[in-house]
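Q: the following block contains a protein sequence and its predicted model.
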Amino acid sequence: MNKTLRLLVAVSALALFAAAIVLARTAAAGAPAGQGAPGQRRGLTPQERRGKAIYLRGESAAGREINATVSDVVVPASTVTCAGCHGLRGEGKTEAGITAGSLTWPTLLKPHTHPTGRGHGPFDEASFVRAVTAGVDPGGNRLAAAMPRFRMSAEDLADLVAYLRRIESEADPGLSETALRIGTILPTQGALAETGAAMRDVLAAYFDDLNARGGVYGRRVELRVAGMGADASATAAGARRLVEQDEVFALVGGMSAGADAELASLARGTETPFVGPATLLPQAGAPVNRQVFYLLPGLGEQARALVNFYARRQPRTPARVALVYPHSGVAAAAAAAAAEDQCAKAACGTLQKVTYERAELDAAALVRSLKGADAVLFFGSGGEESAFMREAAAAGWAPDVLLLGALAAGDLVGNVPPSFKERVFVAFPTVPSDLSRGGLAELRALQEKYKVAARHTASQLAAFAAAKVFAEGLRRSGQDLSREKLITALEGLYDFETGLTPRITFGPNRRIGAAGASVLKIDTEKKEFAPAGGWVKAY
């Protein structure tokens with residue numbers, strides 16, 4: 001095996017570990033998250049969380065429309081949020097000569113005289129609602145023209161008031177002037193225990209080194225670890241203990257594979273940022289889960305990139321494309337659904353879907369039913385793709401074959417028939433060229449300094465990249481850190497170079513940093529991977 005192939009296998013290994021977890025836990029999909037014991041700190045109630053979404057982002061959790069009128073112009077409330085003028089904590093602020101007063105509830109309950117001379121008595125809930133909707137203070141005075149007049153439901157107004165009653169005392173957990181407590185979720189038992197230990201060592205070394213250099217704005221980062229459980233429910237229960245008992249500020253790195261939906265739901269429900277979990281099935285649907293930031297693409301994004309690659313490659317004449325996958329495989333089915341959707345968008349050709357029972361592929365029958373197709377998207381595993389190509393070669397048929405590296409067999413390159421020269425293309429979430437000299441040197445220096453054994457390379461690279469992205473988010477958030485500021489800072493990352501992954505870009509509606517795949521082809525003579533499509537975007 002040549003050096004390039006060894007590197008490619010190494011950087012793709014984490015996806016295979018994640019695949020193993022997903023496949024092993026198929027039966028547990030949809031299990032409810034564990035509840036865990038209540039923490040010492042009282043978190044926001046559901047009503048207060050809904051009010052916080054209105055205050056910070058002008059969004060109704062129920063999907064109701066919230067509008068604002070500014071100078072007789074009606075705009076979405078998301079463009080003129082309460083927090084934008086009154087501050088993240090309702091502290092009030094002055095900009096461009098205009099003062100937006102404090103909205104903390106103790107302040108609202110006091111009589112007040114404004115710098116303009118306008119005075120009024122204390123607010124109560126009714127008079128506050130009147131001020132928000134009609135622009136009139138408790139004394140019957142008109143508010144400044146710069147204050148928007150909001151239109152929202154009575155339910156949303158009640159949620160907003162409930163949050164303002166808590167806004168002054170709300171404090172993000174795990175955060176003090178001198179320390180920042182974070183957590184990670186790793187396999188600590190079974191076949192993947194050694195992989196989890198390798199990731200833990202890198203995370204601990206990274207944050208130890210960060211602390212030795214003064215931390216981030218003087219705060220030391222303290223790491224807590226929860227082990228992945230035997231099923232999705234147990235994993236989510238362990239994560240909940242990190243959030244509620246250890247009161248971590250954020251979750252960083254680790255794995256969410258096998259419990260993706262449960263962990264994403266926990267992050268959303270507790271408003272806990274989760275940065276860089278490793279998985280094949282990132283929860284990236286609509287609406288966007290604001291709390292979870294994935295670094296690498298899942299199988300769905302890689303499948304979309306394969307379709308886009310083929311759509312560029314195909315001849316102008318209408319193409320016939322086959323999509324083959326085991327119907328009982330969660331990961332393969334997710335990839336197939338994404339490929340089907342993207343094929344319609346990219347006009348890749350007429351699509352024929354074929355499913356089969358896992359480990360019961362009749363390759364000869366499959367070739368007979370598909371012969372004549374121009375391309376085959378094959379999402380099988382365990383050497384099934386090689387068996388299919390051997391039967392196709394025997395039948396004198398050599399279509400383009402498009403595969404996912406995370407599902408294909410490790411000995412794939414040595415089992416491609418010569419007739420498939422320049423016709424087998426494989427998508428990978430990351431390839432050796434993503435690893436810069438600087439990035440690798442940084443990891444090696446960390447391993448040497450903190451006596452971290454270099455093992456499970458892909459896993460350590462993933463952990464290191466997640467820690468770097470999280471630390472960058474902290475730096476961009478500034479000294480006055482909050483979960484909301486961290487999320488906003490991460491949303492601003494554009495083409496961020498970790499030196500270990502493809503460039504990372506997030507945004508308000510984007511939570512997969514590298515949304516696409518690197519597409520390689522197989523050189524049947526040298527029996528190795530070779531450049532083909534480069535980095536291909538999924539969307």
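A: Here it is on my side, so go on. Numbering: from 1, shown residues only.

Q: every contact and neighbour count from this point should use C-alpha atoms.
A: OK.

Q: got the domain ranges for this protein?
A: Using automatic domain parsing, the domains assigned to the chain come out as 3-39+173-296+436-508, 46-164, 300-428+518-537.

Q: can you redo those as TSV with mean neighbour count and mean pLDDT?
A: Listed next are the domains of the chain as TSV, based on neighbours: other C-alpha atoms under 10 Å; pLDDT from 0 to 100:
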stretch	mean neighbour count	mean pLDDT
domain 3-39+173-296+436-508	20	87
domain 46-164	17	91
domain 300-428+518-537	19	93
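
Q: can you show me the helices along the stretch 301-450 of the chain?
A: Remark: helices assigned in the stretch 301-450 of the chain by DSSP state H, counting those that start in this stretch are 330-346, 363-370, 384-394, 437-449.

Q: okay if I get those helices as CSV plus distance to residue 307?
A: Output for the helices of the stretch 301-450 of the chain, formatted as CSV (distance: least, C-alpha to C-alpha, whole Å):
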stretch, distance to residue 307
helix 330-346, 6
helix 363-370, 18
helix 384-394, 17
helix 437-449, 31
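
Q: enumerate every residue touching the nearest residue to residue 121 once chain neighbours are set aside.
A: Excluding its sequence neighbours, the residue lying closest to residue 121 (C-alpha to C-alpha, 6 or more residues apart in numbering) is residue 111, at 4.2 Å. With contact set as C-alpha atoms under 8 Å, 6 or more residues apart in numbering, residue 111 has these partners: 119, 120, 121, 122, 123.

Q: residues contacting stretch 290-297, please?
A: Stretch 290-297 is contacted by residues 264, 267-268, 271-278, 280, 282, 429-430, 466, 487, 501, 504, 506, 508, 511-517 when judged by C-alpha under 8 Å, 6+ apart.

Q: that one spans what distance, first to last residue?
A: Chord length of stretch 290-297, first to last residue, is 17 Å (C-alpha to C-alpha, to the nearest Å).

Q: one more: stretch 366-384?
A: Distance across stretch 366-384, first residue to last, is 11 Å (C-alpha to C-alpha).

Q: quick one: contacts of it?
A: Outside stretch 366-384, the residues that touch it by C-alpha under 8 Å, 6+ apart are 319-326, 332, 335-336, 361, 363, 385, 388, 391-392, 395, 397, 399-404, 407-409, 412.

Q: strands - which of the residues you listed land there?
A: Counted as lying in strands by DSSP state E, out of the contacts of stretch 366-384, are 320, 321, 322, 323, 324, 325, 326, 400, 401, 402, 403, 404.

Q: and which of those is nearest residue 174?
A: Checking those against residue 174 with C-alpha to C-alpha, the nearest one is residue 404 at 39.6 Å.

Q: wait, what's in contact with that closest one?
A: Counting by C-alpha under 8 Å, 6+ apart, residue 404 has contacts 299, 302, 303, 379, 426, 427, 428.

Q: what about 10 Å?
A: By C-alpha atoms under 10 Å, 6 or more residues apart in numbering, residue 404 lies in contact with 299, 302-303, 306, 332, 335, 377-381, 425-429, 517, 519.

Q: and what of residue 531?
A: 425, 518, 519, 520, 521, 522, 523.

Q: ramachandran coordinates for residue 77?
A: Residue 77 adopts backbone torsions of phi -60, psi -20, taken as degrees, to the nearest 10.

Q: that one and residue 327, how far apart?
A: Distance, residue 77 to residue 327, using C-alpha to C-alpha: 44 Å.

Q: cool, residue 176 as well?
A: Distance of residue 176 to residue 327, given as C-alpha to C-alpha: 50 Å.

Q: again, but for residue 511
A: Note on residue 511: its distance to residue 327, by C-alpha to C-alpha, is 28 Å.

Q: ok, now residue 53?
A: 39 Å.

Q: pull the CA atoms of the biggest strand by length in the chain into CSV?
A: For the chain, the strand with the greatest residue count under DSSP E is strand 528-537. Provided in CSV are the C-alpha atoms of strand 528-537 (Å, rounded to 0.1, in the frame of the first residue of the first chain):
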residue,chain,number,x,y,z
GLU,A,528,-4.3,3.5,-6.0
PHE,A,529,-6.5,6.6,-5.7
ALA,A,530,-5.9,9.5,-8.1
PRO,A,531,-7.3,13.1,-8.3
ALA,A,532,-10.7,13.4,-10.1
GLY,A,533,-13.1,16.0,-9.2
GLY,A,534,-11.3,17.8,-6.3
TRP,A,535,-13.6,19.3,-3.7
VAL,A,536,-17.2,19.2,-4.8
LYS,A,537,-19.9,21.2,-3.0
